[in-house]
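Engineer: build me a model from this:
(one chain, ligands or ions: 2)
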Amino acid sequence: MTDGKKQASLSRRAALKKGLLASGSVGASIATGSLLSSSAQAASHATQSQPEKLITEVQDWNKYLGDGVDARPYGRPSQFEGDAVRRSVAWLTADPKSSVNFTPLHKLDGIITPSGLCFERHHGGIAEISPDDHRFMINGLVDNPLVFTMQDLARFPRENRVYFLECAANSGMEWRGAQLNGCQFTHGMVHNVMYTGVRLSHLLKEAGLKSNAKWLLPEGADPSHMTRSIPMEKALDDCLIATHMNGEALRPEQGYPMRLVVPGWEGNMWVKWLRRIEVGDKPWHQREETSKYTDLLEDGLARRFTWEMEVKSVVTSPSPQAPVNHGRGQLVITGLAWSGLGKIKRVDVSIDGGRNWTTARLDEPSFSKSVHRFYLDINWDGKEMFLQSRAIDELGHVQPTKNQLRAARGLNSIYHNNGIQTWHVRNDGSVENVEIS
Ligand SMILES: Nc1nc2c(c(=O)[nH]1)N[C@H]1C(S)=C(S)[C@@H](COP(=O)(O)O)O[C@H]1N2
Ligand SMILES: [Mo]
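Structural biologist: Ligands and ions are numbered 1, 2, ... in the order given. Alright, predicted model coming up:
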């Protein structure tokens with residue numbers, strides 16, 4: 001963060017603190033059960049904003065024949081959805097080949113991230129590997145070192161699971177204060193897809209684990225040779241070797257032809273373009289688990305092996321890139337919640353910066369270690385709101401405030417920021433990333 005930016009965000013926060021105190025009761029009344037009273041208002045608003053001729057006149061798409069079935073052998077989104085794209089932050093990294101882009105969470109609904117919108121994080125560009133040329137090896141403390149082709153892998157029993165993948169650095173730029181204006185940038189290093197894959201435990205059993213086999217070192221076939229130490233209990237519990245996402249083959253960006261799935265644990269461990277797993281008796285302490293993906297505390301010590309992604313949520317709409325543009329009245333507040341420890345049990349939403357909370361409607365489906373969708377349908381009085389969401393997982397973990405996180409871990413951290421996000425919704429419907437304390 002540049003000094004200028006820091007100043008701006010600090011003074012913005014100071015101003016907001018004052019604003020909150022001055023305005024007394026902030027925001028809107030929560031609709032209690034019945035939305036019928038406000039739906040008439042919503043409907044009349046829709047008529048006003050659409051010219052009558054859209055009803056009375058015959059439109060082009062009504063008159064002229066459209067594309068035939070030969071035009072789109074692989075379908076693509078509507079030309080009017082050009083805003084739903086992955087975006088990057090220019091100052092964040094020096095080179096796009098070792099960089100990150102962000103999922104446009106504000107444009108999505110439901111829980112599944114479309115494959116083409118899953119954020120990408122790579123350290124050495126996208127490896128383009130022909131499945132015919134791909135080999136996957138298990139070696140080290142095993143009875144039979146094995147090499148698998150893709151065809152070999154296809155002969156093992158497989159299963160389907162929906163999991164989120166979150167980079168440990170997601171929201172990392174927000175540690176010291178509100179900075180990036182949009183949930184795409186503050187929270188977009190997460191995606192949630194259905195994987196088809198083979199249980200890693202099947203393959204390890206095939207190779208035969210020696211009695212001192214306690215750790216695994218998965219390795220990527222890309223130029224970064226991504227490697228991370230994974231304890232055996234996790235590998236035998238729920239790790240998958242995935243070949244498909246959302247029903248089709250993995251995208252090259254996501255590790256085609258195969259990637260490791262490490263449910264609930266930080267994204268860095270989900271090695272893409274997986275070419276080898278070495279079995280050992282202790283962790284390796286590779287670069288990505290020493291100089292990176294450790295959490296530097298106030299006293300200069302660092303937390304190591306912070307694998308689990310803890311309970312977190314964010315309101316995706318309204319949000320800075322998804323302002324309220326229909327005025328007061330009926331308003332759908334929605335967002336995502338997830339926990340690397342299990343299912344989400346409850347999400348609370350506040351429109352007054354965390355003073356009062358209302359339990360949101362948690363939508364189906366609900367899978368363990370998957371993103372959940374929540375909604376809160378309110379009747380907005382048109383006054384400014386300080387929107388927050390707070391998730392609670394099935395183990396009872398409550399998403400902390402950013403100040404609670406800072407009190408526990410200091411200001412040096414980047415990784416594992418699961419603090420509560422605040423959006424300032426102004427009375428004109430525009431939205432800004434802020435912090436209140
Ligand atoms: N082989 C390899 N695997 C990798 C990486 C990489 O650069 N190379 N990046 C890791 C990081 S830091 C993250 S957050 C996730 C990102 O997965 P995605 O690109 O599917 O979003 O992949 C992980 N696996
Ligand atoms: Mo990451």
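Engineer: look up phi and psi at Trp61.
Structural biologist: When read as degrees, to the nearest 10, the backbone of Trp61 gives phi -70, psi -10.
Engineer: meant to ask about Leu362
Structural biologist: With angles defined as degrees, to the nearest 10, Leu362 sits at phi -90, psi 120.
Engineer: count the residues that sit near the residue of the chain found nearest ligand 1.
Structural biologist: Across the chain, the shortest distance to ligand 1 (Cβ to the nearest ligand atom) belongs to Gly220, at 2.3 Å. All C-beta spots, glycine's among them, are computed from the backbone N, C-alpha and C. Neighbourhood size, Gly220 [other Cβ atoms under 10 Å]: 23.
Engineer: OK, contacts around it?
Structural biologist: If you count contacts by Cβ atoms under 8 Å, 6 or more residues apart in numbering, Gly220 has them with Ala127, Met226, Thr227, Gly255, Val271, Lys272, Trp273, Leu274, Arg275.
Engineer: pull the distance from stretch 86-93 to the chain's centre.
Structural biologist: In terms of Cα atoms, centre = their mean, to the nearest Å, the centre of stretch 86-93 is set 16 Å apart from its chain centre.
Engineer: are it and ligand 1 in contact anywhere?
Structural biologist: No: judged by Cβ under 6 Å from any ligand atom, stretch 86-93 and ligand 1 are separated, with a smallest distance of 9.8 Å.
Engineer: coming back round to it: what is the neighbour count of the closest residue to the residue of the chain closest to ligand 1 other than its chain neighbours?
Structural biologist: Nearest residue to Gly220 in three dimensions, chain neighbours excluded: Met226, at 4.0 Å (Cβ to Cβ, 6 or more residues apart in numbering). Neighbours of Met226 under the rule other Cβ under 10 Å: 25.
Engineer: Met226 contacts Arg275, correct?
Structural biologist: No: taking contacts as Cβ atoms under 8 Å, Met226 lies outside contact range of Arg275: 10.2 Å.
Engineer: common neighbours of the two, please.
Structural biologist: Glu219, Gly220.
Engineer: where does Leu203 land in three-state SS?
Structural biologist: helix (DSSP: H, G, I helix; E, B strand; the rest coil).
Engineer: burial count for it?
Structural biologist: 20.
Engineer: which residue comes closest to the residue nearest the centre of the chain once chain neighbours are left out?
Structural biologist: Nearest to the geometric centre of the chain sits Val190, at 2.0 Å (Cα atoms, centre = their mean). Leaving aside its sequence neighbours, Val190 sits nearest to Glu166 (Cβ to Cβ, 6+ apart; 4.2 Å).
Engineer: contacting residues for the one you found?
Structural biologist: Counted by Cβ under 8 Å, 6+ apart, Glu166 has contacts Met189, Val190, Glu266, Gly267, Met309, Lys312, Trp338, Gly340.
Engineer: recalculate using a threshold of 10 Å.
Structural biologist: 119, 187, 189-192, 264-267, 270, 309, 312, 338, 340, 371, 416, 418 (Cβ atoms under 10 Å, 6 or more residues apart in numbering).
Engineer: equivalent analysis for Ile230, please.
Structural biologist: Per Cβ under 10 Å, 6+ apart, neighbours of Ile230: 200, 215-218, 239, 260, 262, 265, 269, 271, 277, 283, 289, 305, 307.
Engineer: ok, 7 Å please
Structural biologist: Trp215, Leu216, Pro218, Val262, Met269 (Cβ atoms under 7 Å, 6 or more residues apart in numbering).
Engineer: just the element for the second one, please.
Structural biologist: Which is Leu216. Using DSSP states H and E, Leu216 maps to strand 215-220.
Engineer: so what's the gap between that strand and the chain middle?
Structural biologist: Counting by Cα atoms, centre = their mean, strand 215-220 comes out at 24 Å from the chain centroid.
Engineer: ok, stretch 396-405 next?
Structural biologist: With Cα atoms, centre = their mean, you get 18 Å for stretch 396-405.
Engineer: measure that stretch end to end?
Structural biologist: One end of stretch 396-405 to the other measures 17 Å (Cα to Cα, to the nearest Å).
Engineer: domain ranges for the protein, per the record?
Structural biologist: 3-60, 90-303, 312-434 (automatic domain parsing).
Engineer: what residues does this structure put near ligand 2?
Structural biologist: Within the chain, the positions lying close to ligand 2 (Cβ under 5 Å from the ion) are Arg121, Cys167, Gly267, Asn268.
Engineer: was I right about the first one contacting Val100?
Structural biologist: Spelled out, that is Arg121. Yes: between Arg121 and Val100 there is a contact at 4.5 Å, judged by Cβ atoms under 7 Å.
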